[in-house]
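Asker: Sequence plus predicted model, see below.
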Amino acid sequence: MIATDESRIGVYVCHCGTNIAGVVNVEELAAFARELPGVVLAKEYKYMCSDPGQEMIKRDIAEQGLNRVVVTACSPLLHEKTFRHAAEEAGLNPFLVQMANIREHVAWVTSDADLATAKAKAQLAAAVRRVSGHESLDRQFVNITPRVLIVGGGIAGIHAALTIANAGKEVILVEREPTIGGHMAMFDKTFPTLDCAACILTPKMTTVKDHPNIKMLTHSEVDEVSGSVGNLKVKVRRHARFIDEEKCVGCMQCIDACVFKKPKFPNEFDQGLALRKPVYMPFPQAVPPVPIVDPETCLLLSVGKCKQTCVEACGDREAFDFDQQDQIEEHEVGVVIVATGFQGFDPTPMLQYGYGKYDNVYAALEVERLLNAAGPTEGKVLLRDGSTPKRVGIVHCIGSRDKNHHEYCSRVCCMYSLKLAHLVRDKTGAEVYNFYIDIRTPGKGFEEFYERVQREGVNFIRGKVGEVRRASGDNGEQSQELVVTVDDTLRDEIREIPLDMLILAQALEPRDNSNDVRRMFNMSCSTEGFFLEKHPKLAPVNTVNDGVLLAGACQSPKDIPDTVAQAGAAAGEALALIDCGRVELEPNTAFVDEELCSGCKTCLGLCPYNAISREEEKNVAVIDGALCKGCGTCVAGCPSGAIIQHLFTDEQIYDEIEGIMHYV
Amino acid sequence: MSDETSPETAESFQPRIVAFFCNWCTYTASDLAGVSRMVYPPNTRVIRIMCSGRLDPQFVLSAFRQGADGVLIGGCHPGDCHYQEGNYKCLRRIELLKSLLDQMGIEPDRLRLEWISASEGDVLRDVTHDMVAKIKELGPLHLEPVPQPDAQPAMAGDEGA
């Protein structure tokens, strides 16, 4: 609306250092504002969000009797809360503040100063005209369920779970695999300190299992999430394990007794490098220490006939239950931490590296398993024929920094490649070559580790490997020996290097089902598919969905120290929400003007949250404010104009259109 | 008040485009384009709505009536709506509206609906470039003279005031 006599609007134009003032003529903008109806003062200042900037607004509200505030600065998604809070502290209703975005939407994207200033004026005029019609609103809060759902039981989920549980709050930890531990459990050593991964991880895994405040649900997935901020209902599907976790004592006699005398099927945890039986433990230190039956390969479950020697061995413990079905458990939680991790890039499509074609070309995760004392070769680095390699190459950036695959740097590959180089050389004495584009070692102790590996005699060749082929054998027969062709950019020559083993340092990429997870928790993804944080610097573990937090490599590739730090941060945010006891709801819910409602029921089918019902007696629609999430779809659909959305009323939007079109 | 964007001569024609962006996807993409310093033509004027489902077709008509040469609507990709399906509602309304615009003598190409996710700052830039170029080709929108803006527009006045 056009300002009335009562309007006393203060306009604040932020320079944002030179971010805005370097392009937009801020003096001209403030002068323009002073001429707008209802504006009693317009000021410009270097940083409105700073303490002096906020104080200026508060002082003017008190001394000049402002009853509306417009801040012309950055995106409201960044600082709307800041300025609402400032107004509130000065006694002005926080919803009488409006921001105009002239940084992200104007100064940063416009090269011509005059046109930028003109655009800024339009956005400012829209905000001034709109705020004139704002009304005071009450802040709305709901109580929060003091329980946290953590999705993913890798090191991120484990660390967050323990932090929260140790603070006395309940945690539901859901892990898709039969054991918690994630990728970290697959590693033998961790860079740059070469701590044994198992020694630092397995005690935490056991603590999770035994913690009275943690309910650990392995071999389980979240099926459905409903409810609203602070009070979510979660359906967890517990896949059938066919062994009762309560009754099993983890003696593993059933595995020995299985009718398959020898392991026959690839063990997923070992990247298929070792075999398992239909009843198996993914690895000896799995948590819970309960075997699992694979229904695809178990004779009884697949063909219906078996002597069931496993059941015999289990005896009166009676832990087997071949009739077990997937169970759906329902849990109520207030906060969610998504810690679903990453997956290793599959190098098969990069035909030039011969992965899947040549036996002795390995993906890095496979070599992690070979190096692991509990892995398929008990920690020995052996080729597929059982011999020890004498020349080993490691190719960096497989799928990373590659326009055909992932443009981003996976951030950990340089360091894990250095670690693999060290471990392989240490265990085999082999000649080791690293083929790299750039070596990136930005972390505590990382550069020192790089120097150490160089001192140990590992070869570094700067250049991309163009091709891997099999060497021709002495008598024309096929040799297992590999030859890589590499453009050595430091020596400026194409080199051919014979190798026994080639390791591909695969990228970390988002999991295949990350889109489903994103939709389930109403998050966004960045271009490459990792879950998007609310703000890269100021809210790195939050998402756009309040109460849903992120930890670990599902947000971006990161190493263990960073993952643990982020998991701690997410746990801290979760505890802060729970300790506060309540969450603020978005104020932009809709309500029905009964006088105007004709009872046509158009709106009922439009609401995705079933928040609208019909009151029979009055023949009007009623919106449940607790269920309404404030999309405004019903508002646009109401033929009578009877539904009004707080902060986005029709008038306010028409005001913005008019402000844009008529003041510039 | 200022004449610098006034669409008078063909060479200097700077189209005025009113953009309605949903809070979660396209408005965020627009922020990202800014953070990434992607330069694009300064012809759009952004109005933030929580969901493209909030877009009342009358907002579009109101913008045209007040002199907009184009209207751009940005929402989340199908299946990605923060509110589950508001973008589908928007799609239906816009398709209907386009056929209506034609009857009113407004080229339907002046109205554009795009799905732009929070990570697609580059798409926002490209769409803006493309739309400005197309509207420049179409030229300024000439409608019959309208009542002065300060006399409350009839369509706006109807809305539960």
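Answerer: Yes, it's here.
Asker: Can you pull out the residues in contact with stretch B:76-89?
Answerer: A:519, A:522, A:544, A:606, A:608, A:629, A:631-633, A:636-637, B:22-26, B:50-54, B:75, B:115, B:117 (C-beta atoms under 8 Å, 6 or more residues apart in numbering or on different chains). In this view, the C-beta of every residue, glycine as well, is placed from N, C-alpha and C.
Asker: buried ones in it?
Answerer: Neighbour counts over stretch B:76-89 (16 or more other C-beta atoms under 10 Å in any protein chain shown) mark B:76, B:80-89 as buried.
Asker: measure A:Ser417 to chain B for me?
Answerer: Distance of A:Ser417 to chain B, given as C-beta to the nearest C-beta, to the nearest Å: 29 Å.
Asker: picking up where we left off before, out of the contacts of stretch B:76-89, which end up buried?
Answerer: Buried among those (16+ other C-beta under 10 Å): A:522, A:544, A:606, A:608, A:629, A:631-633, A:636-637, B:22-26, B:50-54, B:75, B:115, B:117.
Asker: which phi and psi does the closest residue in space to A:Val69 that isn't next to it in sequence have?
Answerer: Closest residue to A:Val69 apart from its sequence neighbours, by C-beta to C-beta, 6 or more residues apart in numbering or on different chains: A:Val97 at 4.6 Å. Note on A:Val97: its backbone torsions stand at phi -110, psi 140 [degrees, to the nearest 10].
Asker: repeat for A:Ile644
Answerer: Dihedral pair for A:Ile644: phi -120, psi 140, per degrees, to the nearest 10.
Asker: residues near it, how many?
Answerer: Counted with other C-beta atoms under 10 Å in any protein chain shown, the neighbours of A:Ile644 add up to 21.
Asker: wait, doesn't it sit right on A:Thr589?
Answerer: No - look at A:Ile644 against A:Thr589 with C-beta atoms under 8 Å: they stay out of range, at 9.9 Å.
Asker: Tell me, how many residues neighbour B:Trp107?
Answerer: Let me fix one detail, which is that residue B:107 is Glu and not Trp. Number of residues near B:Glu107 (other C-beta under 10 Å) recorded here: 15.
Asker: Okay, the residue nearest to it when sequence neighbours are not counted and chain A: tell me how far apart.
Answerer: Excluding its sequence neighbours, the residue lying closest to B:Glu107 (C-beta to C-beta, 6+ apart) is B:Leu138, at 5.7 Å. Counting by C-beta to the nearest C-beta, the separation of B:Leu138 from chain A is 18 Å.
Asker: can you pull the contacts of B:Leu138?
Answerer: Contacts for B:Leu138 were tallied using C-beta under 8 Å, 6+ apart; they are B:69, B:107, B:109-110.
Asker: Mind putting the residues you listed into JSON lines with pLDDT, secondary structure and distance to A:Glu617?
Answerer: Shown next, in JSON lines, are the contacts of B:Leu138 (pLDDT from 0 to 100; DSSP: H, G, I helix; E, B strand; the rest coil; distance: C-beta to C-beta, whole Å):
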{"residue": "B:Asp69", "pLDDT": "97", "secondary structure": "coil", "distance to A:Glu617": "49"}
{"residue": "B:Glu107", "pLDDT": "95", "secondary structure": "coil", "distance to A:Glu617": "49"}
{"residue": "B:Asp109", "pLDDT": "95", "secondary structure": "helix", "distance to A:Glu617": "49"}
{"residue": "B:Arg110", "pLDDT": "97", "secondary structure": "helix", "distance to A:Glu617": "46"}
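Asker: nearest to A:Phe242, of those?
Answerer: Ranked by distance to A:Phe242 (C-beta to C-beta), these are led by B:Asp109 at 60.9 Å.
Asker: Run a quick check on the closest one versus B:Lys134, I expect a contact.
Answerer: Yes - B:Asp109 is within contact range of B:Lys134, at 6.2 Å (criterion: C-beta under 8 Å).
Asker: State the pLDDT value of the residue of the stretch 101-250 of chain A found nearest chain B.
Answerer: Of the residues in the stretch 101-250 of chain A, the one nearest chain B is A:Glu104, at a distance of 2.9 Å by C-beta to the nearest C-beta. Note on A:Glu104: pLDDT of 97.
Asker: For it, which three-state class applies?
Answerer: Following DSSP: H, G, I helix; E, B strand; the rest coil, A:Glu104 is assigned to helix.
Asker: With the one 10 residues further on instead?
Answerer: When states are read from three-state DSSP, the local structure at A:Asp114 comes out as helix.
Asker: Show me which of the contacts of B:Leu138 are buried.
Answerer: Buried subset of the contacts of B:Leu138 (neighbour count, 16+ other C-beta under 10 Å): B:69, B:110.
Asker: of the contacts of B:Leu138, closest to chain A?
Answerer: Within these, proximity to chain A (C-beta to the nearest C-beta) peaks at B:Asp69, which comes in at 10.7 Å.
Asker: if you average pLDDT over the helix or strand encompassing A:His79, what comes out?
Answerer: Assigned by DSSP states H and E, A:His79 falls within helix A:76-89. Averaging pLDDT along helix A:76-89 yields 96.
Asker: Mind checking what helix or strand follows that helix in sequence?
Answerer: Next helix or strand after helix A:76-89 toward the C-terminus (DSSP H and E): strand A:97-101.
Asker: From the chain's centroid, how far away is that next one?
Answerer: Put simply, strand A:97-101 sits 30 Å off its chain's centre (C-alpha atoms, centre = their mean, to the nearest Å).
Asker: ok, residues contacting it?
Answerer: The contact list for strand A:97-101 (C-beta under 8 Å, 6+ apart) reads A:68-76, A:79-80, A:83-84, A:87, A:120, A:123-124, A:126-128, A:130-131, A:134, B:31, B:46.
Asker: In strands, which of these fall?
Answerer: Within the contacts of strand A:97-101, residues falling in strands by DSSP state E are A:68-73, B:46.
Asker: Distance from the chain centre to stretch B:62-71, please.
Answerer: Put simply, stretch B:62-71 sits 9 Å off its chain's centre (C-alpha atoms, centre = their mean).
Asker: Quick check: buried residues in that stretch?
Answerer: B:62-71.
Asker: quick revisit: and the contacts of B:Leu138, which is closest to A:Arg455?
Answerer: If you rank the contacts of B:Leu138 by distance to A:Arg455 using C-beta to C-beta, B:Asp109 comes first, at 66.6 Å.
Asker: Please name the residues that touch the closest one.
Answerer: Neighbours of B:Asp109 in contact, by C-beta under 8 Å, 6+ apart: B:134, B:138.
Asker: what's the spacing between it and B:Phe20?
Answerer: Using C-beta to C-beta, to the nearest Å, we find B:Asp109 at a distance of 17 Å from B:Phe20.
Asker: Distance of A:Lys247 relative to A:Cys314?
Answerer: To A:Cys314, A:Lys247 is 9 Å away according to C-beta to C-beta.
Asker: out of these two, which sits in the more crowded spot?
Answerer: A count of neighbours by other C-beta under 10 Å puts A:Cys314 above the other of A:Lys247 and A:Cys314, at 23 against 13.
Asker: Output the contacting helices and strands for the host helix or strand of the more buried one.
Answerer: Remark: A:Cys314 resides in helix A:309-314, with elements defined by DSSP H and E. Contact here means 3 or more C-beta pairs under 8 Å, 6 or more residues apart in numbering or on different chains; DSSP states H and E; on that basis helix A:309-314 packs against helix A:253-257.
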